[in-house]
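A.B. asks: Output the structure for:
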Amino acid sequence: MARVVMTMKIMPDGVEIDLDDLLEKIKGVVPEGTDVGAVETQPIAFGLMAIRMNLVRDESLGGTDDIEAAISAVEGVAQVEVEMVSRM
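C.D. replies: Just a heads-up that it's a prediction; the model follows:
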């Protein structure tokens with residue numbers, strides 16, 4: 001079975017959110033069987049920064065819905081956007 005890499009953009013609630021703390025919370029809720037790859041911050045506007053992260057999982061585990069739901073439920077997360085999904 002193939003592996004799938006997903007790039008997600010995570011928007012915090014505001015500029016006052018500590019992105020390092022938020023990232024640790026996000027890593028803690030990523031579903032089992034999903035590996036966190038590269039992580040970077042990206043400036044958006046007016047001091048707001050987004051977290052972009054790559055996640056890798058086996059294709060048999062399905063789409064991104066469970067990951068999006070888990071990350072969206074984290075306190076401090078305003079929005080989760082799937083930017084790219086690709087087979088490895």
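
A.B. asks: Just the buried residues of the longest helix along the chain, please?
C.D. replies: Assignment by DSSP state H gives helix 19-29 as the longest helix of the chain. Buried positions in helix 19-29, judged by neighbour count with 16 or more other Cβ atoms under 10 Å: 19, 22-23, 26. All C-beta spots, glycine's among them, are computed from the backbone N, C-alpha and C.

A.B. asks: And for that helix, what's in contact with it?
C.D. replies: 10, 12, 36, 39, 41, 49, 51, 53, 70-71, 73-77 (Cβ atoms under 8 Å, 6 or more residues apart in numbering).

A.B. asks: Let's see the ChimeraX selection covering just the buried ones among these.
C.D. replies: In ChimeraX, this line selects whichever of the contacts of helix 19-29 come out buried by 16+ other Cβ under 10 Å:
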select :10,12,49,51,53,70,71,74,76,77
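
A.B. asks: circling back to that earlier point, can I get the buried residues of helix 19-29 in TSV including distance to Ala2?
C.D. replies: Listed next are the buried residues of helix 19-29 as TSV, based on distance: Cβ to Cβ, whole Å:
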residue	distance to Ala2
Leu19	32
Leu22	30
Leu23	27
Ile26	25
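
A.B. asks: would you list every one of the helices in this structure?
C.D. replies: 19-29, 65-72.

A.B. asks: Off-centre distance for the longest one?
C.D. replies: If you compare the mean C-alpha spot of helix 19-29 with that of the full chain, they lie 9 Å apart, counting by Cα atoms, centre = their mean, to the nearest Å.
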